[in-house]
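Enquirer: After the sequence you'll find the predicted model.
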Amino acid sequence: MLELILLLIIIFLLLILSAVWPPDSPWAPWWRTNRKIAREICKLAKITRSDLVYDLGCGDGTFLITAAKEFGAKGVGIEIDPLRVWIARIRVWFNNLLNKVEIRQEDFFKTDLSKATVVVVYLVPKALEKLLPKFKKELKKGTRIVSRKYELGIKNYESRIKDNLFLYKF
Ligand SMILES: C[S@@+](CC[C@H](N)C(=O)[O-])C[C@H]1O[C@@H](n2cnc3c(N)ncnc32)[C@H](O)[C@@H]1O
């Protein structure tokens, strides 16, 4: 009985701690994009069925599922945390989107981004700073990037919504 109580206390403390962990940490479940914001991102980037969208750190896959279901886009989700990878894969399967959305367990710093037409990121500035040279090297001309919450370290975003979503065109 005592062990069970201790276990519950530890789980509770971990949940509390996870709320203040940096958003790109695999231990930060509260930093996620819901359907409403996913729709806003799709509209901001004018996502259509001809797009191939890469979500770097795709979490539970909500953004890609929304982009595929409601905007017809194909998606590739890159996620390092195995638990979230499986949650995202199950959700994709559940939504009957296996032909449209692929979830890869991968480190996004090692992912080839050259096929993307849209890239979506919800990551801390440090990770964005590290990704920027990769974007410049690999992305085709015309690729759109939407960053949630943090600006990329370059000037001149195309547009923004309420300090929260930033659109760039490469
Ligand atoms: C703030 S969450 C965003 C999740 C999702 N994009 C959303 O908006 O709901 C950041 C995600 O990035 C993942 N992540 C962090 N570093 C990563 C890396 N190097 N490669 C792949 N995924 C990573 C984390 O596991 C986490 O799921």
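Expert: Yes, it's here. Numbers count the residues shown, from 1 in each chain.
Enquirer: count of neighbours near L132?
Expert: Using other C-beta atoms under 10 Å, L132 is surrounded by 14 other residues. Where C-beta positions appear, they are placed from N, C-alpha and C, glycine not excepted.
Enquirer: With V85 instead?
Expert: V85 - counted by other C-beta under 10 Å - has 21 other residues nearby.
Enquirer: Make 41 the starting number, not 1.
Expert: OK, 41 is where the count begins now, so the last one is V125.
Enquirer: in terms of contact, does it touch E142 like I think?
Expert: No: in this structure V125 lies outside contact range of E142 using C-beta atoms under 8 Å: 11.2 Å.
Enquirer: Can you find the helix or strand of the protein with the lowest average pLDDT?
Expert: Counting by mean pLDDT, DSSP states H and E, the chain has its least confident helix or strand at strand 199-201, which shows a mean of 69.
Enquirer: ok, and what's touching the helix or strand just after that strand?
Expert: Downstream of strand 199-201, the first helix or strand assigned by DSSP states H and E is strand 205-209. Residues lying outside strand 205-209 but in contact with it, judged by C-beta atoms under 8 Å, 6 or more residues apart in numbering, are 77, 80-81, 84-85, 182-188, 190-192, 194, 196-200.
Enquirer: among these, which are in strands?
Expert: Within the contacts of strand 205-209, residues falling in strands by DSSP state E are R184, I185, V186, S187, R188, S199, R200.
Enquirer: How about the contacts made by the first one?
Expert: This points to R184. Residues in contact with R184 (C-beta under 8 Å, 6+ apart) are A85, K86, T157, V158, V159, E198, L207, Y208, K209, F210.
Enquirer: Close to the ligand: what parts of the protein are there?
Expert: 63-64, 66, 71-73, 95, 97-99, 102-103, 118-121, 124, 147-149, 162-163 (C-beta under 6 Å from any ligand atom).
Enquirer: Where does the chain get nearest to the ligand, which residue?
Expert: Going by C-beta to the nearest ligand atom, the ligand is nearest to G97 of the chain, at 2.2 Å.
Enquirer: Count the residues that sit near that residue.
Expert: For G97, the number of neighbouring residues by other C-beta under 10 Å comes to 22.
Enquirer: wait, isn't it in contact with E119?
Expert: Yes: distance between G97 and E119: 6.3 Å, which falls inside the contact criterion (C-beta under 8 Å).
Enquirer: List the buried residues in the host helix or strand of L53.
Expert: Using DSSP H and E, L53 falls within helix 42-60. Of all the residues in helix 42-60, not one is buried under the rule 16 or more other C-beta atoms under 10 Å.
Enquirer: same check, this time on stretch 85-93
Expert: Under the neighbour-count criterion of 16+ other C-beta under 10 Å, stretch 85-93 has A85, I87, D91, V93 buried.
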